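J.: below are the sequence and a predicted model for it; my questions follow.
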Amino acid sequence: MTTDPKEPIRVGLIRCDTHGAYYGALMSAHDPQRLQRPLAAGATRHYSWQTGGAHFYFYTDYADAGHMTVDAVDGFRLTKLWDEHVEAAECLAAVFTDSPQVCRSLEEVSDDVDLVFIADCNGDGSNHLALARPGLEKGVATFVDKPLAFSVSDATTLIELAAENAAPLASISILRALPDATLFSRRLPEVGDLQFGSIQGGGPSLAGQIHTISLAQSIFGTGVVGVRAMGDGQPDTIHLDYGERADRPSRGVTLSCDVGAVWHCAFHASAHGPRGVIYSPPMGDFVFPYGAADILRQVRDMVQTGRSPAWTADMMEAVAIAAASRRAHETGDRVELQPSSPGATQ
């Protein structure tokens, strides 16, 4: 399905959590004051954006709370919303100036839209197949927030379902598209032959792990062939083995997901080689909007061209790495992975 680039892409948003508000505010006209104070006095809060979190990082000009200081992406219009908490959907709908429709059923969201956008801030992706199925079966272009799915089998089913219905499909973490990560990766030659890399941050949940894995893909590349993991209750520390590829860290990359409290959700990276070590600046909430904006620009291209972006293959690898880390954590053994598919971004 392709759309007229002169017409705004009609978006049906599934889940009005913090990522729903975050991406929504970057792609659709809204009232900054409502984004800053969306809840009425005494109303129940379901998500953190309802206390002004999205506004805080999008409007950083202390002298003008209505001046957006991050990239907005044109070409979209939010027309439908759905959330399991209908009052959260109604709260978010009131933020947008186009007055999107609050849907009472999941199936309604994919009717008369050009894009289904499934947001997920802290979930593990176990319900993403159920959330995406109605729109994909209608042939509607679909974006699935990270992770694409909890299991490799569900992720594969989503890819197959999209192909069967000629529905473009995209899934990516903001950390995979972060401009600051790209800038850091360009510094890797400073250390000489790359021996070892590390990523710190994300937290112990699968949502955090997928971000950490995705940042490793962005900086050090795809093509992981083996995974080890350790941790008290979950795989808090994950080691990625790239095998004998000359263009990857020869001693792999270690992901330290559970590092305790961090400054504004910041991640840090380091790279080591015979000529020394380099460290990234903190990559956190003040730079995340630029990765999200880049994702939206590519999603816009996907809808207009009808072609899925290549980086969805990277998300398939990330899901496989996360699944392998759970097995490695349970068994204490190294778990083998198949090399990235040819479509993966190298």
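T.: Yep, that arrived.

J.: tell me the secondary structure at residue 68.
T.: The three-state assignment at residue 68 reads coil, by DSSP: H, G, I helix; E, B strand; the rest coil.

J.: am I right that it is in contact with residue 32?
T.: Yes - taking Cβ atoms under 8 Å as the contact criterion, residue 68 and residue 32 are neighbours in contact, 7.1 Å apart. From N, CA and C alone the C-beta is placed, and that goes for glycine too.

J.: list residues touching both of these two?
T.: Listed contacts common to residue 68 and residue 32 are residue 59; contacts here mean Cβ atoms under 8 Å, 6 or more residues apart in numbering.

J.: verify the stated contact: residue 162 with residue 168.
T.: Yes - because the distance of 7.1 Å satisfies Cβ under 8 Å, residue 162 is recorded as touching residue 168.

J.: which neighbours do those two have in common?
T.: Common contact partners of residue 162 and residue 168 (Cβ under 8 Å, 6+ apart): 142, 308.

J.: skip the chain neighbours and tell me the closest residue to residue 227.
T.: Distances taken as Cβ to Cβ, 6 or more residues apart in numbering put residue 324 closest to residue 227, at 4.1 Å, once the chain neighbours are dropped.

J.: cool, residue 295 as well?
T.: residue 177 (5.0 Å).

J.: mind checking how far the one you found is from residue 292?
T.: With the distance defined as Cβ to Cβ, to the nearest Å, residue 177 ends up 8 Å from residue 292.

J.: could you do residue 15 as well?
T.: Using Cβ to Cβ, one obtains 15 Å as the distance from residue 15 to residue 292.

J.: so which of these two has more stuff around it?
T.: residue 15 (25 against 22; other Cβ atoms under 10 Å).

J.: just give the closest residue to the more buried one, not the sequence neighbours.
T.: Nearest in space to residue 15, with sequence neighbours left out and distances taken as Cβ to Cβ, 6+ apart, is residue 119 at 4.6 Å.

J.: please enumerate the helices of the stretch 51-200 of the chain.
T.: Taking DSSP state H, counting those that start in this stretch as the criterion, the stretch 51-200 of the chain carries its helices at 53-58, 86-93, 128-137, 152-164, 179-185.

J.: in the second one, what counts as buried?
T.: Spelled out, it's helix 86-93. When neighbours are counted by 16 or more other Cβ atoms under 10 Å, the buried residues of helix 86-93 are found to be 87-89, 91-93.

J.: can I get those residues in TSV with distance to residue 77 and pLDDT?
T.: As requested, the buried residues of helix 86-93 are arranged in TSV below (distance: Cβ to Cβ, whole Å; pLDDT from 0 to 100):
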residue	distance to residue 77	pLDDT
87	23	95
88	21	96
89	17	97
91	19	97
92	15	97
93	13	98
